[in-house]
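Colleague: Output the structure for:
(chains A and B)
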There are 2 protein chains.
Amino acid sequence: MISMFDEAEQNPKLSDSEFARIEEPLRIQLLNEQYRHLKLKDRALVIVVAGIDGAGKGDTVNLLNEWLDPRHVRTLAFADPSAEEKAYPLVRRLWLGIPPKGTVGILFGAGYTPLLKEIAKKKSNPDKLESMISAIKKFEDTLIANDVQIIKLWFHMSQDAQRARTEQLMANPSTAWLVGKNYEKVFKHFDRARQAGQRVIEATDAAHSPWVIVPSADNNMRIVRTAQAVLAAFKKGAIKVAPSHDPAAPTKRQPKHSRFDSLDFAASINKETYEQELIHWQNRLAIAVRDKGFKKKSLVLVFEGQDAAGKGGAIRRVTHALDARQYRTVPVAAPRPFEMDRPYLWRFWRNVPSRGRITIFDRSWYGRVLVERVEGYAKRSAWQRAYQEINEFENQLINHGAMVLKFWLAVTPEEQLSRFKAREHSPYKNFKITPEDWRNRRQWPAYSKAAEEMFAKTDTPLAPWHILSANDKRHARLEVIKRITKAVEES
Amino acid sequence: MISMFDEAEQNPKLSDSEFARIEEPLRIQLLNEQYRHLKLKDRALVIVVAGIDGAGKGDTVNLLNEWLDPRHVRTLAFADPSAEEKAYPLVRRLWLGIPPKGTVGILFGAGYTPLLKEIAKKKSNPDKLESMISAIKKFEDTLIANDVQIIKLWFHMSQDAQRARTEQLMANPSTAWLVGKNYEKVFKHFDRARQAGQRVIEATDAAHSPWVIVPSADNNMRIVRTAQAVLAAFKKGAIKVAPSHDPAAPTKRQPKHSRFDSLDFAASINKETYEQELIHWQNRLAIAVRDKGFKKKSLVLVFEGQDAAGKGGAIRRVTHALDARQYRTVPVAAPRPFEMDRPYLWRFWRNVPSRGRITIFDRSWYGRVLVERVEGYAKRSAWQRAYQEINEFENQLINHGAMVLKFWLAVTPEEQLSRFKAREHSPYKNFKITPEDWRNRRQWPAYSKAAEEMFAKTDTPLAPWHILSANDKRHARLEVIKRITKAVEES
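Modeller: Model prediction:
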């Protein structure tokens, strides 16, 4: 039976003279392609470095930094997650490590180390494995679709070669530390590590993010094959993927009737009752987020809605109940250049709360399927794909203990008009009204259609949309704080 | 005797009707000034919020976010430092919190909370106090000189008013949490907290970063005085400070003779000895940074020198001995726009190593007094001030356990010329040689002069310059790794 490791385990060699012949043209091509990549700036290239112990992964990272122009290469090595990193979904550190377009990111281990460890366990948990593999695949799919190219290098050799190389490293005091104390274990577990590698490669090899197995027993061979793989990736360029149709995405739920139709826009509350109730709920919320149990949770609040629907006012009624050290409000506007150079969700990953904390998004990632869709800032394929990417993003937060509450504050066109006019006439509120607001207002049907489709596709059981009438501000504010409080209390 | 708190402790009030009369014009002016600030973009405005317990600091933060356009305001609340934050000098989180020019940053507590705590102790340590006060003053001086405007608000009231307000808060379930469990202690310690505040204000009040005492017993009064203070700050604008002449700065050490003169440019080492020695030192370095003791230290390596002096090659000989998870190489080029919007050292603070880690700077903050000086990118006053700011920066790292090693790799003009030519002819090294390099070369005397002054002013006992002949690359590389290894071993 032919194995994917056959060639690497025959430990092929490259003579010094052969290497000398190849080196120069290879380095020249590599550099030229790197500069083309830099100039093109159509994608980032991520190189994942993995493989069996003692195969020279660290040396390879050094090599790539020497052969490429290192000013445009960033290397990230992932150690066991720190306490700080564990306070977030683990995939966050991978997200934050995505290099900007035009550059190269070397991810040492990346998401594969925990997976390989799990597989290599004597009794690995099949469900956990499946979910880890699925998470990696989804992560890579999202990157690919968002202008990140990925190649994955697996450094490999035979068990005998591994032993020989280890002994050689041990004999040399300058490299003995590379081997570590558990080298005997490494040999013993060669078969298991090999099988784990095979399983991971099979499960995560994809046309758009292929694994390349690099024979590593011989340094010359390892170097040349690595450089060739990177060169091929530069030349191949970005892969255009068709918008995926994940059957898990709730695409079938087409809205039959408008979610706005069922809203009671007449709902209102008098001032006195409002003030009493508000104090009551602010108090309960204040207590709920100070509960010990909340330290293991986190809270993500999303506020969307028509312009002038009262998002800011509702948010402040919530923050009155919170300690400034526990929450952060993130106003979301048009992305800045360095954000444009990364996948869309990158800037939101930068702002998710750690355990025990609260992030309030004043507008959010839903801009992708609202303003970016309506105004044509995002391509059709990009915003169509976004529903699924967003659901996946929120799932990752929820799986890590976050509560995700999404509020849509809805006003009628008539109410919006009267607020716009009032803002124009208020000398200290007129900053809140711009020509853009009037322009958006003329697009009311398009925004409503986008919102309806968004509700249909992202109203998930664990991260439901709370669509509230905000024609009466007091009604909306009370509903918001009530629902947040109940969600926190129940969790 | 008149006290700074006299007015605030008389608990002045503002009637609702008076407040209603003042509110609108005040809000209008405040917003207009905020927009002028945004448009001018000549500085950032930092508002420090501090004061006695129960004075409504949190409410004030909410107020400022309501009265100002919150899209250009960022609030940072400083809790007790996390384990992650403690792995860096504590001032780092203040540095990273500096808002970009044109915006407003509200720093809740900022660096003052630990200082106030220390003063309020029964037996506070006078030396520690002095050094904390001195650190805050230096930090503020640096910000002021680097286009950050600071105002500091101290919220205050009489002891009786504090008690009355606390009881009022306690009576209302929605605000009881604000008081906390230790409220009896708060009353008991009013005098001590008051004295601590007085001491801090006296010690850190400066024309360029004044304290404003806000009478806080009455909400209307607190709101209006806060808004007026911020308004006044907007109107006052940036303060231009004269370059300070800190007597502690080693300005007297004017170079009598060139540091380059004493270098032995003929120093060289043969290949065989080099390879043996290199392995020896890489081994020792590998062991030294894996020592338990190093977990409490950190290592900052700075590489400067003429173009083509071989910085990259020397760095790679060091990184060969290191685990990719333990170090990071930071290539330093021209600052990007969002870096230009912050004080000069901001981008370096973002990259300092945490405990147990190593950051290697390939070029560094010394660019300020080298390329930025010679090419005129920095004003004379800015680069003259930089020597002292840099010494202070390095001191902060060293005080937190960092070793700071600064290497200057020196080549002669003749050697540089021959390397430039070789690079031009090497098909995979010619990316390393640009028209800029030739231009810089013509400025050789100006760069040498700048380097000499830099050595004279920043060659401090704890962060000395290692000036090495790099005409022979092997000699330079060995010296670099030797000195790093010895420094780590000795620490």
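Colleague: so where do the helices sit in the stretch 301-450 of chain A?
Modeller: A:311-319, A:337-340, A:346-349, A:371-374, A:380-399, A:413-425, A:435-442, A:444-458 (DSSP state H, counting those that start in this stretch).
Colleague: Below-threshold pLDDT in the stretch 201-350 of chain A: ranges please.
Modeller: Within the stretch 201-350 of chain A, the segments meeting pLDDT under 70 span A:239-256.
Colleague: possible to save the helices of the stretch 301-450 of chain A as TSV with mean neighbour count and distance to chain B?
Modeller: For every residue, glycine as well, the C-beta is placed using N, CA and C. Shown next, in TSV, are the helices of the stretch 301-450 of chain A (neighbours: other Cβ atoms under 10 Å in any protein chain shown; distance: least, Cβ to the nearest Cβ, whole Å):
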stretch	mean neighbour count	distance to chain B
helix A:311-319	21	6
helix A:337-340	13	7
helix A:346-349	20	13
helix A:371-374	20	15
helix A:380-399	20	20
helix A:413-425	15	12
helix A:435-442	12	13
helix A:444-458	18	20
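Colleague: out of those, nearest to A:Leu96?
Modeller: helix A:346-349 (6.3 Å; Cβ to Cβ).
Colleague: what's the closest one packed up against?
Modeller: helix A:91-96 (3 or more Cβ pairs under 8 Å, 6 or more residues apart in numbering or on different chains; DSSP states H and E).
Colleague: May I see the buried residues of stretch A:58-66?
Modeller: Within stretch A:58-66, the residues scored as buried using 16 or more other Cβ atoms under 10 Å in any protein chain shown are A:58-65.
Colleague: For it, which outside residues touch it?
Modeller: A:47, A:49, A:73, A:75, A:77, A:104, A:106, A:108, A:153, A:155, A:178, A:214, A:219, A:222-223, A:226-227, A:230, B:312, B:316, B:319-320, B:323-324, B:329 (Cβ atoms under 8 Å, 6 or more residues apart in numbering or on different chains).
Colleague: What about those residues, which are in strands?
Modeller: With strands taken from DSSP state E, the overlap with the contacts of stretch A:58-66 comprises A:47, A:49, A:73, A:75, A:77, A:104, A:106, A:108, A:153, A:155, A:214, B:329.
Colleague: picking that back up, mind putting the helices of the stretch 301-450 of chain A into TSV with distance to A:Gly197?
Modeller: Listed next are those as TSV, based on distance: least, Cβ to Cβ, whole Å:
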stretch	distance to A:Gly197
helix A:311-319	49
helix A:337-340	36
helix A:346-349	29
helix A:371-374	40
helix A:380-399	26
helix A:413-425	58
helix A:435-442	53
helix A:444-458	37
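Colleague: so which of these comes closest to A:Asp6?
Modeller: helix A:380-399 (36.2 Å).
Colleague: ok so, going back, specify which member of the buried residues of stretch A:58-66 is nearest to B:Asp341.
Modeller: Using Cβ to Cβ, these come closest to B:Asp341 at A:Asn65, 29.7 Å.
Colleague: tell me the secondary structure for that closest one?
Modeller: Of the three states, A:Asn65 takes helix under DSSP: H, G, I helix; E, B strand; the rest coil.
Colleague: Can you pull the phi/psi pair for A:Pro70?
Modeller: Note on A:Pro70: backbone dihedrals following degrees, to the nearest 10 are phi -70, psi -10.
Colleague: Nearest residue to it in space, please, no chain neighbours.
Modeller: B:Pro331 (6.1 Å; Cβ to Cβ, 6 or more residues apart in numbering or on different chains).
Colleague: and what of A:Gln396?
Modeller: A:Pro89 (4.8 Å).
Colleague: can you check A:Asp264 too?
Modeller: A:Ser469 (5.8 Å).
Colleague: distance of the one you found from A:Ser298?
Modeller: As judged by Cβ to Cβ, to the nearest Å, A:Ser469 and A:Ser298 stand 28 Å apart.
Colleague: wait, doesn't A:Tyr35 sit right on B:Phe431?
Modeller: Yes: in this structure, A:Tyr35 is within contact of B:Phe431 by Cβ atoms under 8 Å, at 7.2 Å.
Colleague: Overlap of the contact sets of those two?
Modeller: Any residue near both A:Tyr35 and B:Phe431 by Cβ under 8 Å, 6+ apart counts here, and that gives A:Asp69.
Colleague: Any idea what the residue nearest to A:Thr329 when sequence neighbours are not counted is bridged to?
Modeller: Nearest residue to A:Thr329 in three dimensions, chain neighbours excluded: A:Ile360, at 4.6 Å (Cβ to Cβ, 6+ apart). Per DSSP bridges, residues listed as beta-bridge partners of A:Ile360: A:Leu301, A:Thr329.
Colleague: Distance-wise, check A:Ile360 relative to chain B.
Modeller: 11 Å (Cβ to the nearest Cβ, to the nearest Å).
Colleague: how deep is that residue tucked in, by neighbour count?
Modeller: With neighbours defined by other Cβ atoms under 10 Å in any protein chain shown, the count for A:Ile360 comes to 24.
Colleague: Contacts only, for it.
Modeller: Contacts of A:Ile360 (Cβ under 8 Å, 6+ apart): A:301, A:303, A:315, A:318-319, A:327-330.
Colleague: correct me, but A:Leu468 touches A:Ile481?
Modeller: No: A:Leu468 is not in contact with A:Ile481 according to Cβ under 8 Å; the separation is 11.3 Å.
Colleague: can you tell me the residue of the stretch 351-491 of chain A closest to chain B?
Modeller: Residue of the stretch 351-491 of chain A nearest chain B, by Cβ to the nearest Cβ: A:Tyr428 (3.8 Å).
Colleague: so that residue makes contact with B:Gln29?
Modeller: No: in this structure, A:Tyr428 is not within contact of B:Gln29 by Cβ under 8 Å, at 9.1 Å.
Colleague: For A:Ala309, give its distance to A:Ala470.
Modeller: 5 Å.
Colleague: Ok, A:Gly109 next?
Modeller: Relative to A:Ala470, A:Gly109 is positioned 47 Å away (Cβ to Cβ).
Colleague: between these two, who's got more neighbours?
Modeller: Higher neighbour count among A:Gly109 and A:Ala470: A:Ala470, with 32 against 18, using other Cβ under 10 Å.
Colleague: Could I get the pLDDT score of that one?
Modeller: Note on A:Ala470: pLDDT of 97.
Colleague: ok, now which ones touch it?
Modeller: With Cβ under 8 Å, 6+ apart as the criterion, the residues that contact A:Ala470 are A:305, A:309-310, A:314, A:409-411, A:476.
Colleague: how about 10 Å then?
Modeller: A:Ala470 makes contact with A:263, A:265, A:267, A:305-306, A:308-311, A:313-314, A:407-412, A:415-416, A:419, A:476-477, A:479-480, according to Cβ atoms under 10 Å, 6 or more residues apart in numbering or on different chains.
Colleague: Restricted to buried residues, select these in PyMOL.
Modeller: Burial among the contacts of A:Ala470 is assessed by 16+ other Cβ under 10 Å; the matching PyMOL selection reads:
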select buried, chain A and resi 263+265+305+306+308+309+310+311+313+314+407+408+409+410+411+415+416+419+476+477+479+480
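Colleague: Skipping its backbone neighbours, what lies nearest the residue nearest the centre of chain A in space?
Modeller: By Cα atoms, centre = their mean, chain A has its centre lying nearest to A:Trp95, at 4.6 Å. Spatially, and ignoring its direct neighbours in sequence, A:Trp95 is nearest to A:Trp349 (4.1 Å; Cβ to Cβ, 6+ apart).
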